[in-house]
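Visitor: The sequence and its predicted three-dimensional model are supplied below.
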Amino acid sequence: MRFLLVMVGMVLVFSTGCFLHKSGGANSQGAFSDPPSTVSAKTANGKLIVTPENTLAGKVVRVVSSGRFAVLNFPIGRMPLMDQRVEVYRQGLKVGELRITGPQLDDNIVADILAGDVQAGDQVRVQ
């Protein structure tokens, strides 16, 4: 008898949830609608536009200030070219500029410090 009551109760709970969701929910003003930030990214036919970011980004692993160079770490299989300039960012602000000089070992590479203040942990992005 208890089993039957529990099953009937579960059916009522689940059917009520499905009913509210199909009819637009408790708020007919769009409680289940998209947040405002994603609405502007949709096209006229309602499809979402997704643009992948292809920027090569790495991280400063070590800085040798006396030699004015830094060791950078990039994702495996993606490295900047030799003599390529990269920008250094800390908390979203540009703080320096580097030039890739090498040598490269696995996913680490050395770069000369051209300008700015570079610290370990800073983000590096290819221009």
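Guide: Happy to help now that I have it. Residues are numbered from 1 along each chain as shown.

Visitor: average pLDDT for stretch 4-22?
Guide: Mean pLDDT, stretch 4-22: 68.

Visitor: Then stretch 54-65?
Guide: For stretch 54-65, mean pLDDT rounds to 93.

Visitor: Going by neighbour count, which residues of it are buried?
Guide: For stretch 54-65, the neighbour count (16 or more other Cβ atoms under 10 Å) marks 56, 58, 60-61, 63 as buried. The C-beta positions use only the backbone N, C-alpha and C, and glycine is treated the same way.

Visitor: Which members of those residues are positioned in strands?
Guide: Members of the buried residues of stretch 54-65 lying in strands (criterion: DSSP state E): 58, 60-61, 63.

Visitor: could you dump those to a markdown table with distance to residue 103?
Guide: Below are those laid out as a markdown table (distance: Cβ to Cβ, whole Å):
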| residue | distance to residue 103 |
| --- | --- |
| 58 | 16 |
| 60 | 17 |
| 61 | 14 |
| 63 | 17 |
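
Visitor: Distance to residue 127 added to the buried residues of stretch 54-65, as CSV?
Guide: Below are those laid out as CSV (distance: Cβ to Cβ, whole Å):
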residue, distance to residue 127
56, 10
58, 13
60, 16
61, 20
63, 20
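
Visitor: tell me which of the residues you listed is nearest to residue 50?
Guide: residue 56 (19.6 Å; Cβ to Cβ).

Visitor: Now that closest one: phi and psi?
Guide: Dihedral pair for residue 56: phi -80, psi 120, per degrees, to the nearest 10.

Visitor: Tell me which residues touch it, please.
Guide: 74, 78, 80, 125-126 (Cβ atoms under 8 Å, 6 or more residues apart in numbering).

Visitor: one more time with 6 Å
Guide: By Cβ atoms under 6 Å, 6 or more residues apart in numbering, the contact set of residue 56 is 78, 126.
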